[in-house]
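Novice: fold the following.
(one chain, ligands or ions: 2)
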Amino acid sequence: MGRPEAGQPPDFIRKIINEDIADERFGGRVHTRFPPEPNGYLHIGHAKAICLNFGLAEEYGGRCNLRFDDTNPTKETSEYVEAIKADVRWLGFAWGEQELYASDYFEQLYEFARQLVKAGKAYVDSLNPAEVREYRGPWNRPGRESPYRQRSVAENLELFERMRAGQFPDGAHTLRAKIDMSSANMNLRDPTLYRVIHAPHHRTGEKWCIYPTYDFAHGQCDSLEGITHSICTLEFENHRPLYDWLLEALQIHHPRQIEFARLKLSYTVLSKRKLIELVEGGYVSGWDDPRLPTLAGLRRCGYPPEAIRAFCEKIGVSKVNSTVELALLENCVREELNRSAPRVMAVLRPLRVVIENYPEDQVEELEAVNNPEDPGAGSRKLPFSRVLYIERDDFLEEPPKKFYRLAPGREVRLRYAYFLKCVGVVKDEQTGDILELRCTYDPETRGGYAPDGRKVKATIHWVSARKALQAEVRLYDRLFRQADPTDVPEGVDWKSTLNPNSLETLDSCRLEPSLAQARPGSRYQFERLGYFAVDPLDSAPGKPVFNRIVSLRDSWAKLKQAGK
Ligand code: ATP
Ligand code: MG
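Specialist: Ligands and ions are numbered 1, 2, ... in the order given. Prediction:
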C-alpha cells in the first residue's frame, strides 16, 4: 500500500526511512500518523496520505496513529469525526485501540506554551489581527516587531493565564513565538501559537476558550505520541523550520517531517473548502453524492476499496506537484472488478422484441457464465421467452457501414441464447417512433452457434420481458466539464465549469431477474455496458437502484496510446 510496485527502487520517503533505520535514528522504529482535521469528509487525496502512512507502518512493522487535528472548534464537528473513522476503516486500515485527538493534549500543550514563555521564547501580543498582518510585512521586506514583544515573563504568564480564564474577547490577545520578524520565511515571523476563541468544542465543551494553532499543536502532538516520521504535503515545507524550532525550544522528542506532493485529480476538486461549497450550495446531493471524489461518495457509488488502494500504489509519491488523470483511477476500478464482479444482463434503454416463431407460453432456462475470469464463480439460469427487451442502440433501421448489430433482415446472436433475425418494425403512426421489433429465432442455434456453420457479426444482450426486473439506473459523468475546474478567468465562478449532465437517471431499465436479490453495495458487470453497484441508500428489498461506477470503455489505454 503506497509502496513502490514490485521491482521498483524505493521512493524518496522509503529511502529516508531506510537511512534512519540504518542510523538507528529513532532506535530503528517507524511510527507514522494520519492527522485529519474533522472539518469535512475525506477525499481521494486523503486516501493517498492514508495508504502512505498506514502502508509504511505495515511495511516496516511499525505503527500508525489516527489523530484528529481538532484545534479549530468553529469548523469541526463530531459528525465529521465519525465519517472519517468510517472511511479509514472502509479503506482497510486499523489504528490500534483508540483514535487520538489533539484536544486530548490541550492541557499539556498549554504547559508547553508556558514553558516557552518562561524561557523568553513566547509572548502575549495585543495587536489586533489587522495590525498583526501589517507588522508582519510583505515577504520581500522585513517585518516590524510588535510593541508588546518586550513584555516581561511575569506579565506574559499572567496575561496568558487570564486569556485561558476567559477574561478577554476573541482577538484581544494572542500568544506568539518570539523568533525573527525579519526572517525570509514568513512562518518564522513570530507565528501565533494560541488565539482566543469563545466557542464550544465538540469534545472539550466549554472548558477552553483559547485554542492552539495548527503549527503549535501539530509538532508537539507528534512528539508526545513518539511519532518518528511526520509525513505531510508540500505546502508545509515552509513550516518545517518552525516545526523544528518549537521542538528544539521545548527540548522534547523530535520527529522528522517529510513533505510529499498532494494528489490532484483531473475533472474534480480536492479541497475541503470547495467540496463544502458544492455540498452546502446544493450542487450535489450531499457528501456521499456518487459524483464527488469523497471516500463516502466513491463508496456509495460502488468503488471497491481495493481499487483505491491499488490506485494509490500506482501513483506513488514524489516531491513534484502534478495532476493525475481520473481515467487512471477508473482503470484501477476496471482491473479490480474485472476479476471480482459477476456478469449479468441489463437493458438500460429497452426496445421490445417479439419473436414470432417462439411459442406464446413457453419459458426456457439458458445457462450463463457468471464470470469468465473466475471459473469458481459458476453459472446461472436465464429465462428466455417470446417477448424480450434489447438495447435501443443495438438496432438501426438504416444501418451505416460498420454497424453490425440488428437491422431489418439482419441476423445477430443473443448472448447465451439463439440467433435472432429482424423481420419487421412496428412504429407509432403519428410520431414514427419505433415501438417494437418483430423477429424470428433459429431453434437450431441454442447456445449461440449454428450447426450449418453460418456466422453473425454481432452478439447483443437481452432480458426476457416476462421475468424482467424493472429498475432505476443512474449514469454518472464527470462532475466538471474541464480537466482543471478552477482554471477560470478572473471574476468567473469556478462552479460555472460544473457539468450540467453529470447525472442521467434511467427509470425503466430491465434487468435479469436474479438481480432482485442484489444486496446494497454489491457490484456487477452489466454485460457490454460497464460496472454497476446497488445504491445503499435508495434501494429497497426487491427494488434495487443501480449506480454506474465506470463504463467498460478504457479511456486510460487511449490516453496512454495518445502519448499523454
Ligand atoms: P484540504 O486541502 O482538502 O482542506 P487538508 O490538508 O486541510 O485538506 P487535513 O484534514 O488537514 O486536510 O488532511 C489530513 C492529511 O491528509 C494531511 O496530512 C494532509 O497533508 C493530507 N492530505 C490532504 N489532502 C491531500 C491530497 N490532496 N493529497 C495527499 N494528501 C493530502
Ligand atoms: Mg490541514
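Novice: only C-alpha atoms for contact and neighbour calcs from this point on.
Specialist: Fine.
Novice: which residues does the helix or strand where Asp244 lies contact?
Specialist: Taking DSSP states H and E as the criterion, Asp244 maps to helix 240-250. Contact partners of helix 240-250, identified using CA atoms under 8 Å, 6 or more residues apart in numbering, comprise 112, 115-116, 121, 187-188, 215-216, 219-220, 223, 253-254, 257.
Novice: try 7 Å
Specialist: Leu116, Asn187, Leu188, Asp215, Gly219, Gln220, His254, Gln257 (CA atoms under 7 Å, 6 or more residues apart in numbering).
Novice: mind pulling the model confidence for the second one?
Specialist: Think Asn187. If you check Asn187, the pLDDT there is 98.
Novice: check the last one too.
Specialist: Looking at Gln257, its pLDDT reads 98.
Novice: a helix runs through it, doesn't it?
Specialist: No. Under DSSP: H, G, I helix; E, B strand; the rest coil, Gln257 falls outside any helix and is assigned strand.
Novice: skip the chain neighbours and tell me the closest residue to it.
Specialist: Leaving aside its chain neighbours, Gln257 sits nearest to Ser230 (4.6 Å; criterion: CA to CA, 6 or more residues apart in numbering).
Novice: and Val363, how many neighbours?
Specialist: 16 (other CA atoms under 10 Å).
Novice: roughly how far does it sit from Leu265?
Specialist: Using CA to CA, to the nearest Å, Val363 is found at 49 Å from Leu265.
Novice: again with His173
Specialist: From His173 to Leu265 the distance is 41 Å (CA to CA).
Novice: now Glu373
Specialist: Going from Glu373 to Leu265 by CA to CA gives 30 Å.
Novice: which one's more surrounded, those two?
Specialist: Leu265 (21 against 13).
Novice: contact partners for that one?
Specialist: Thr323, Val324, Glu325, Leu326.
Novice: from the residues you listed, keep the buried residues only.
Specialist: Glu325, Leu326 (16 or more other CA atoms under 10 Å).
Novice: which of the contacts of Leu265 fall within helices?
Specialist: Leu326 (DSSP state H).
Novice: helix, strand, or coil at the residue lying closest to Phe54 once chain neighbours are set aside?
Specialist: Leaving aside its chain neighbours, Phe54 sits nearest to Cys64 (5.5 Å; criterion: CA to CA, 6+ apart). Under three-state DSSP, Cys64 falls in the strand class.
Novice: just checking, Cys64 touches Gly55?
Specialist: No. Assessed by CA atoms under 7 Å, Cys64 is found out of contact with Gly55, at 8.7 Å.
Novice: still on that earlier bit, partner residues bridging the residue nearest to Phe54?
Specialist: Under DSSP bridges, the beta-bridge partners of Cys64 are Thr32.
Novice: tell me how many other residues crowd it.
Specialist: Cys64 has 22 neighbouring residues, counting by other CA under 10 Å.
Novice: check the one 5 residues further on too.
Specialist: Look at Asp69: counted by other CA under 10 Å, it has 22 neighbours.
Novice: please name the nearest non-neighbouring residue to it.
Specialist: That would be Glu37: by CA to CA, 6+ apart, it lies 4.6 Å from Asp69.
Novice: picking up where we left off before, redo the contacts of helix 240-250 as TSV? Include secondary structure.
Specialist: Shown next, in TSV, are those (three-state DSSP):
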residue	secondary structure
Leu116	helix
Asn187	helix
Leu188	helix
Asp215	helix
Gly219	helix
Gln220	helix
His254	coil
Gln257	strand
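Novice: ramachandran angles for the closest residue to Ala165 other than its chain neighbours?
Specialist: Spatial nearest neighbour of Ala165, excluding adjacent residues (CA to CA, 6+ apart): Cys209 at 7.7 Å. Dihedral angles phi and psi of Cys209 (degrees, to the nearest 10) take the values phi -130, psi 10.
Novice: where in this protein is pLDDT low?
Specialist: Across the chain, residues meeting the criterion (pLDDT under 70) sit at 1-7, 554-564.
Novice: let's see that with 90 instead.
Specialist: For the chain, the stretches with pLDDT under 90 are 1-9, 96-97, 322, 375, 467, 542, 553-564.
Novice: tell me the domain ranges of it?
Specialist: 12-260, 346-461 (automatic domain parsing).
Novice: right, and these - which one's nearest ligand 1?
Specialist: Closest approach to ligand 1 among the domains of the chain (CA to the nearest ligand atom): domain 12-260, 3.3 Å.
Novice: ends of that closest one, what's the gap?
Specialist: End-to-end distance for domain 12-260, by CA to CA: 9 Å.
Novice: next: stretch 129-144.
Specialist: The first residue of stretch 129-144 is 15 Å away from its last residue (CA to CA).
Novice: how about the residue nearest to Phe54, what does it touch?
Specialist: His31, Thr32, Arg33, Asn53, Phe54, Ala57, Trp95.
Novice: which ones are touching Ser522?
Specialist: Ser522 makes contact with Ala533, Val534 under the criterion CA under 7 Å, 6+ apart.
Novice: try it again at 10 Å.
Specialist: By CA atoms under 10 Å, 6 or more residues apart in numbering, the contact list for Ser522 reads Gly302, Pro304, Ala341, Pro342, Phe532, Ala533, Val534, Asp535, Pro536, Phe546.
Novice: count the residues that sit near the third one.
Specialist: Taking other CA under 10 Å as the criterion, the count of residues near Ala341 is 22.
Novice: so how far is stretch 105-124 off the chain centroid?
Specialist: 38 Å (CA atoms, centre = their mean, to the nearest Å).
Novice: and what of stretch 84-99?
Specialist: On CA atoms, centre = their mean, the centre of stretch 84-99 falls 15 Å from the chain's centre.
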